[in-house]
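Student: With the sequence up front, the predicted model follows.
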Amino acid sequence: GKGQVYVEGNIRKAWSPPINQAFTYPSVSASWIITESFPAIKGPVVNYLKVRANLANIGNATSAYRTGYYYSSPGSPIAGQSQFSLSTTLANPDLKPENINTMEWGLESAFWQNRVRFDMAMYKKKTSNQIMTIEVPRSSGYSYELINAGQVDNQGIELSLGVDVFKNPEGFSWTSTLNWSKDKSTVMELADGLDTYTLGSSWSCYNYAMVGESWGTLVGTGFVYDEKGQAIVGEDGLPFFESNQKIGDVTPKWLAGWNNEFSFKNFSLGFLLDFRKGGDFFSVSQSFGANTGIFDYTAVGDIREKGGVFGKDFCTDKVFVNEDGTPNTTVVDPMDAFYLFYDIKELAVIDGSFLKLREAHLTYTLPKYITKKVGWIDSAKFSIVGNNLALLWLAKNNYTHIDPESSLGNGNSSVGYESNACPPP
């Protein structure tokens with residue numbers, strides 16, 4: 001019968017001035033409404049079932065003035081003469097567009113008079129021919145070169161469950177929606193002879209793309225651990241540390257959201273909670289703030305007078321042991337302990353998990369008999385809306401209560417870094 005299977009395909013071609021090669025975007029999608037093919041399964045419980053799949057290829061260009069040799073002026077003339085200089089990045093006139101291949105399949109369903117809705121999507125993505133800059137010998141007259149290289153694979157799942165808990169158009173209604181998603185990235189390859197690529201850095205904490213690792217691995221000085229994952233301290237009670245350690249992963253393990261909408265006659269109230277698990281970041285605020293003793297946890301109780309123990313008074317999110325494996329009980333001077341927040345970058349790498357009241361609103365809808373009197377207004381609503389209203393929960397090692405969504409700026413080089421964000425009072 002009609003309305004059971006849908007197939008759609010398209011192909012686009014585009015040009016971007018910085019790149020000589022044209023972009024070609026082919027895609028195809030298909031869906032099958034199972035409940036239309038087998039009407040017998042429709043009933044009081046099952047109302048709708050559909051499966052879908054799609055394949056797509058996407059190209060991505062770069063910004064202008066990167067594929068040719070152009071002079072730029074700093075705007076500061078000397079003796080009335082304008083200055084001009086070439087970029088320190090070697091241009092690449094043969095640059096190709098990045099290539100992204102995606103494959104997705106999913107399920108849509110509805111049950112109990114459409115009061116329960118479930119959606120699932122699974123996907124795989126391969127990003128190749130990435131446009132990246134690599135370092136070159138300074139003797140070449142340049143610092144970097146623009147090339148096409150690398151491949152990053154992503155795979156993930158997205159789930160959504162919506163429920164009309166109460167449904168009464170003339171009275172009280174409540175709709176609740178829960179979303180959950182997980183993405184796993186793996187750097188498959190970089191440029192020839194390169195297994196580590198620097199995405200960004202701040203105060204000797206580096207964010208690397210490393211072959212075999214997820215995109216965005218934080219590397220710097222970190223604790224020395226035993227085979228049980230316990231941090232080891234010396235005879236003085238201070239932890240050992242080593243350089244060039246993997247100390248964080250900027251990619252969240254998973255994300256979740258819970259949206260609720262309540263309505264009663266002409267009033268509606270809604271709120272959205274956002275939860276993130278993981279997604280580490282290096283906090284310059286925590287590093288320097290603890291090091292200089294300006295945060296409250298550096299002076300809690302009588303710690304400054306009597307000192308404290310790592311694992312009990314400092315860094316309580318970890319277990320610290322002596323070199324022989326016995327529990328650490330050595331009291332250390334707090335000045336020595338908090339000074340390490342600068343030396344040991346891992347102490348300033350914060351688990352980016354959070355629970356946040358992302359949004360809330362209160363809305364009043366004018367009754368129809370009022371809008372009809374005006375004539376030219378079909379409907380009118382008045383709303384009070386708030387965004388990013390509260391941080392309800394943070395990870396245990398976020399001693400400074402920094403918002404994990406604070407960032408140095410936009411772009412890959414700023415991912416995983418925070419500096420000078422204002423912690424809540």
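Tutor: Yep, it's here.

Student: pLDDT-wise, which helix or strand of the chain ranks last?
Tutor: When the helices and strands of the chain are compared on mean pLDDT, DSSP states H and E, helix 368-374 comes out lowest with a mean of 77.

Student: List the buried residues of the helix or strand following it.
Tutor: The element immediately downstream of helix 368-374 (helix or strand, assigned by DSSP states H and E) is strand 381-394. Within strand 381-394, the residues scored as buried using 16 or more other C-beta atoms under 10 Å are 391, 394. From N, CA and C alone the C-beta is placed, and that goes for glycine too.

Student: can you check stretch 58-72 too?
Tutor: Using 16+ other C-beta under 10 Å as the test for burial, stretch 58-72 gives 58-59, 61-62, 66-67.

Student: coming back round to it: which residues are contacting the least confident helix or strand of the chain?
Tutor: Contacting residues not belonging to helix 368-374 are listed as 377-380 [C-beta atoms under 8 Å, 6 or more residues apart in numbering].

Student: Which stretches in the stretch 301-425 of the chain count as strands?
Tutor: Defined through DSSP state E, counting those that start in this stretch, the strands belonging to the stretch 301-425 of the chain, from first to last, are 320-321, 349-350, 354-365, 381-394, 417-418.

Student: re the thing from before, make TSV from the contacts of helix 368-374 and add pLDDT and neighbour count to it.
Tutor: What follows is the contacts of helix 368-374, written out as TSV (pLDDT from 0 to 100; neighbours: other C-beta atoms under 10 Å):
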residue	pLDDT	neighbour count
377	80	11
378	81	9
379	83	9
380	87	12
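
Student: now those residues as CSV including distance to residue 273?
Tutor: CSV is the format used below for the contacts of helix 368-374 (distance: C-beta to C-beta, whole Å):
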residue, distance to residue 273
377, 34
378, 33
379, 29
380, 29
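
Student: out of those residues, which one sits closest to residue 303?
Tutor: Taking C-beta to C-beta as the measure, residue 303 sits nearest to residue 380 out of those, at 58.1 Å.

Student: Please name the residues that touch the closest one.
Tutor: Taking C-beta under 8 Å, 6+ apart as the definition of contact, the neighbours of residue 380 are 365-366, 371.

Student: Now a ChimeraX select for only the buried ones of those.
Tutor: Those of the contacts of residue 380 that count as buried under 16+ other C-beta under 10 Å are selected in ChimeraX with:
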select :365
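
Student: What is the nearest of the contacts of residue 380 to residue 14?
Tutor: Taking the contacts of residue 380 together and measuring to residue 14 by C-beta to C-beta, the closest member is residue 365, at 43.3 Å.

Student: what's the closest one in contact with, if anything?
Tutor: With contacts defined as C-beta under 8 Å, 6+ apart, the neighbours of residue 365 are 266-268, 379-381.

Student: about what we covered before: with respect to residue 246, which of the strands of the stretch 301-425 of the chain lies nearest?
Tutor: Checked against C-beta to C-beta, the stretch from these lying closest is strand 349-350, at 10.2 Å.

Student: The closest one pairs with which strands, and in what direction?
Tutor: Here strand 349-350 is paired, per DSSP bridges, with strand 281-283 (antiparallel).

Student: Check the burial of residue 302 by counting its neighbours.
Tutor: When neighbours are defined as other C-beta atoms under 10 Å, residue 302 has 9 of them.

Student: show me where the chain has helices.
Tutor: Along the chain, the stretches classed as helices by DSSP state H are 34-37, 284-292, 303-306, 334-343, 368-374.

Student: ok now the fourth one, how far from the chain's centre?
Tutor: Looking back up the chat, that one is helix 334-343. With C-alpha atoms, centre = their mean, to the nearest Å as the basis, the distance from the averaged C-alpha position of helix 334-343 to the chain average is 30 Å.

Student: Stretch 151-168 too?
Tutor: Counting by C-alpha atoms, centre = their mean, stretch 151-168 comes out at 17 Å from the chain centroid.

Student: Export that stretch to CSV, keeping only CA atoms.
Tutor: Written as CSV, here are the backbone C-alpha positions of stretch 151-168 (Å, rounded to 0.1, in the frame of the first residue of the first chain):
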residue,chain,number,x,y,z
GLN,A,151,41.2,10.7,10.1
VAL,A,152,38.9,10.8,13.1
ASP,A,153,36.1,8.2,13.5
ASN,A,154,33.0,8.8,15.6
GLN,A,155,30.3,6.5,16.7
GLY,A,156,27.4,7.2,19.0
ILE,A,157,23.8,6.7,20.1
GLU,A,158,21.0,9.1,20.9
LEU,A,159,17.9,8.1,22.8
SER,A,160,14.7,10.1,23.5
LEU,A,161,11.7,9.1,25.6
GLY,A,162,8.6,11.4,25.8
VAL,A,163,5.6,10.7,28.1
ASP,A,164,2.4,12.6,28.5
VAL,A,165,2.0,11.9,32.2
PHE,A,166,-1.2,13.8,32.4
LYS,A,167,-3.2,14.9,29.4
ASN,A,168,-6.2,17.1,29.8
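
Student: which residues touch that stretch?
Tutor: Contacts made with stretch 151-168 from outside it, assessed by C-beta under 8 Å, 6+ apart, are listed as 114-128, 130, 172-189, 209, 215.

Student: what bits of the stretch 1-150 of the chain have low per-residue confidence?
Tutor: Residues of the stretch 1-150 of the chain meeting the criterion pLDDT under 70: 1.

Student: Strands along that one, start to end?
Tutor: Per DSSP E, counting those that start in this stretch, the stretch 1-150 of the chain has strands spanning 5-16, 19-33, 46-60, 71-72, 85-86, 89-90, 98-111, 116-135, 144-166. These are given in chain order.
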